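Asker: Structural data only, the sequence is not supplied:
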């Protein structure tokens with residue numbers, strides 16, 4: 001028994017009426033009233049639903065909306081539910097099994113309409129001698145609606161065969177009619193894929209992960225430009241979503257691209273002219289500065305449910321004024337950010353930076369590392385930063401100030417960026433294993449820093465809230481409980497540092513770093 005729908009593409013030029021007549025001549029079909037089906041395909045900017053191997057569509061029939069989550073390329077359904085309109089985030093949906101299963105896929109990303117198809121559906125049923133439905137068919141006349149909904153393009157006709165459980169023989173007979181007699185072949189192509197192809201959209205092309213392919217022997221200045229161009233592309237890909245505040249990840253990815261750019265300019269030494277560094281480093285520092293306040297508000301809003309959940313049930317409602325405060329200030333900071341990245345300074349930075357990166361390389365260079373193979377430069381810079389991380393980490397004891405851990409965190413971040421920039425130069429399994437080992441330490445250092453910053457800022461927020469108006473005493477008390485909890489968690493992270501660093505600096509990891517990056521062998525340090 002085939003319990004999923006099968007789809008067939010009806011040949012171009014075939015009239016729907018003639019096709020239906022031929023089917024009716026072969027079997028006893030009853031045609032039901034037709035309907036217009038409007039399907040909007042939703043996904044995140046980075047195609048998380050598609051990457052999951054599934055499709056999320058919102059169907060509209062006669063003003064009624066249904067959200068349907070199904071497998072890509074088939075009609076296997078993961079879940080569906082009625083909705084009042086298009087949800088912006090998965091948490092806008094009512095509590096349901098669909099929401100619970102979809103939340104880990106989408107997380108904080110907004111649902112964006114990626115394509116829209118309007119279909120005139122002609123449903124038919126095969127009735128047996130008892131008048132019972134033994135098979136369902138649906139002929140669809142599909143049209144692609146371009147953004148704006150005015151321009152359309154015909155996507156052709158499809159036939160959907162919908163089995164009825166317990167009636168295998170009618171299904172087999174229909175498949176023989178379609179495939180043997182009418183020479184149709186079942187299609188695995190999804191309607192979404194066809195629509196995206198017509199729109200010129202390749203799903204899954206954007207990812208926040210670095211995927212830079214470098215040749216070990218290429219000039220270091222050429223490789224550096226390739227890295228920096230990739231980062232600039234990421235910035236520009238996220239600029240519109242950042243301005244429109246579609247979701248918090250646009251600004252996050254924008255800032256990550258800026259931070260990586262600043263790190264590359266500072267760490268890939270001797271490959272870019274000093275005049276270029278002096279021209280662009282201040283502007284990228286400015287970008288980091290102007291995007292910080294909005295991102296801070298985004299982070300606190302994303303953490304708000306965790307904050308509330310950490311409180312006793314009786315105190316969770318007391319945090320509502322804090323939530324209102326965060327939303328109001330996020331909007332204020334967002335307006336200021338939009339104004340800044342709409343300035344001539346930002347446009348000139350992007351234009352001039354791309355112009356430099358895409359300009360011809362000089363045949364000769366007086367810069368010490370520009371014409372060297374990138375593998376040699378990558379080895380030297382990564383090994384130097386790794387040695388620095390070991391030195392800083394070993395110097396940290398139980399009485400070391402918090403600043404020592406903050407400095408190590410920054411060093412580890414620079415090391416991580418270098419390893420990610422140049423990971424294509426090394427055996428994939430080995431470089432990924434070392435990045436993973438570094439990430440374990442980074443997570444600890446990042447938690448230690450973030451928890452300190454959160455505690456400081458929450459105290460500052462309470463002062464601001466008091467200055468801006470009346471704040472209920474229970475709210476201030478609840479925020480005090482949060483600060484105390486953050487301090488305890490920071491202390492726990494500090495206690496855990498020694499074990500994390502011991503794992504990172506273990507002899508086995510040192511040997512792996514040495515084999516990949518060191519130009520000359522050295523004894524393993526204790």
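Answerer: Sure, I can see it. Given the structure is predicted, the values throughout are model-derived calculations rather than measurements.

Asker: Tell me the spacing between residue 162 and residue 382.
Answerer: 57 Å (Cβ to Cβ, to the nearest Å). For glycine as for every other residue, the C-beta is placed from the backbone atoms N, C-alpha and C.

Asker: Could you find the closest non-adjacent residue to residue 115?
Answerer: Nearest residue to residue 115, sequence neighbours excluded (Cβ to Cβ, 6 or more residues apart in numbering): residue 195, at 4.0 Å.

Asker: which residues sit against the helix or strand that contains the one you found?
Answerer: If you go by DSSP states H and E, residue 195 is part of helix 191-199. By Cβ atoms under 8 Å, 6 or more residues apart in numbering, the surrounding residues in contact with helix 191-199 are 39, 41, 50, 55, 57, 72-73, 114-117, 142, 144, 146, 153, 155, 158, 202-203.

Asker: what does stretch 473-487 give?
Answerer: 307, 310-311, 315, 318-322, 451, 454-455, 458-459, 461-462, 465-466.

Asker: Can you show me the strands along this structure?
Answerer: 6-10, 29-31, 35-43, 54-61, 64-71, 77-83, 112-127, 133-145, 152-163 (DSSP state E).

Asker: the more surrounded of residue 162 and residue 382?
Answerer: More crowded of residue 162 and residue 382, by other Cβ atoms under 10 Å: residue 382, with 26 against 17.

Asker: for the more buried one, what are its contacts?
Answerer: Shown in contact with residue 382 (Cβ under 8 Å, 6+ apart): 415, 418, 419, 422, 516, 517.

Asker: Quick one: neighbours of the fourth one, just the number.
Answerer: Neighbour count of residue 422, defined by other Cβ under 10 Å: 25.

Asker: can you tell me which residues contact it?
Answerer: 214, 223, 374, 378, 382.

Asker: out of the contacts of helix 191-199, which are buried?
Answerer: Neighbour-count burial (16 or more other Cβ atoms under 10 Å) applied to these gives 39, 41, 50, 55, 57, 72-73, 114-117, 142, 144, 155, 158, 203.

Asker: from the residues you listed, which single one is nearest residue 104?
Answerer: Nearest to residue 104, judged by Cβ to Cβ, of the buried ones among the contacts of helix 191-199 is residue 50 at 15.6 Å.

Asker: how close does the residue lying closest to residue 225 once chain neighbours are set aside sit to residue 293?
Answerer: Excluding its sequence neighbours, the residue lying closest to residue 225 (Cβ to Cβ, 6+ apart) is residue 357, at 5.0 Å. Distance of residue 357 to residue 293, given as Cβ to Cβ: 29 Å.

Asker: do residue 72 as well
Answerer: To residue 293, residue 72 is 40 Å away according to Cβ to Cβ.

Asker: Over to residue 107?
Answerer: 23 Å.

Asker: And residue 86, by the same measure?
Answerer: 30 Å.

Asker: shaky segments in this protein?
Answerer: Applying pLDDT under 70 to the chain flags the ranges 1-5, 75, 149, 519-526.

Asker: Now which of the contacts of stretch 473-487 would you call buried?
Answerer: The neighbour count (16+ other Cβ under 10 Å) marks 307, 311, 315, 318-319, 321-322, 451, 454-455, 458, 461-462, 465 as buried among the contacts of stretch 473-487.

Asker: Show me the two of the residues you listed that sit farthest apart.
Answerer: 321 and 451 (22.7 Å).

Asker: residue contacts, residue 234?
Answerer: 208, 253, 254, 256, 257.

Asker: So which of those is the closest to residue 507?
Answerer: residue 256 (32.6 Å).

Asker: Which residue, other than its chain neighbours, is closest to that closest one?
Answerer: Using Cβ to Cβ, 6+ apart and skipping residues adjacent in sequence, the residue nearest residue 256 is residue 208, 6.8 Å away.

Asker: how distant is the longest helix that the chain contains from the center of its chain?
Answerer: Determined from DSSP state H, the single longest helix within the chain is helix 428-468. In terms of Cα atoms, centre = their mean, to the nearest Å, the centre of helix 428-468 is found 20 Å from the chain centre.

Asker: I'd like the distance between residue 136 and residue 425.
Answerer: According to Cβ to Cβ, residue 136 and residue 425 sit 56 Å apart.

Asker: Now do the helices in the stretch 201-350 of the chain.
Answerer: Assigned by DSSP state H, counting those that start in this stretch, the stretch 201-350 of the chain shows helices spanning 220-244, 248-267, 274-309, 320-340, 344-357.

Asker: What is the burial count for residue 348?
Answerer: 11.

Asker: Okay, now stretch 63-80: how far is its last residue from its first?
Answerer: Taking Cα to Cα, to the nearest Å, the first and last residues of stretch 63-80 lie 17 Å apart.

Asker: Could you list the residues in contact with that stretch?
Answerer: So stretch 63-80 is contacted by 4-5, 7, 49-50, 53-60, 81-87, 93, 96-98, 101-102, 160, 188-190, 192-193 (Cβ under 8 Å, 6+ apart).

Asker: Please pick the buried ones from these.
Answerer: If we count by 16+ other Cβ under 10 Å, the contacts of stretch 63-80 have these buried: 5, 7, 49-50, 54-60, 83, 87, 93, 98, 102, 160, 190, 192-193.

Asker: Quick check: the nearest residue to residue 455 once chain neighbours are set aside vs residue 303, distance?
Answerer: Nearest residue to residue 455, sequence neighbours excluded (Cβ to Cβ, 6+ apart): residue 486, at 4.3 Å. To residue 303, residue 486 is 10 Å away according to Cβ to Cβ.

Asker: Ok, residue 47 next?
Answerer: 26 Å.

Asker: quick one, which of those two is more surrounded?
Answerer: residue 47 (19 against 15).
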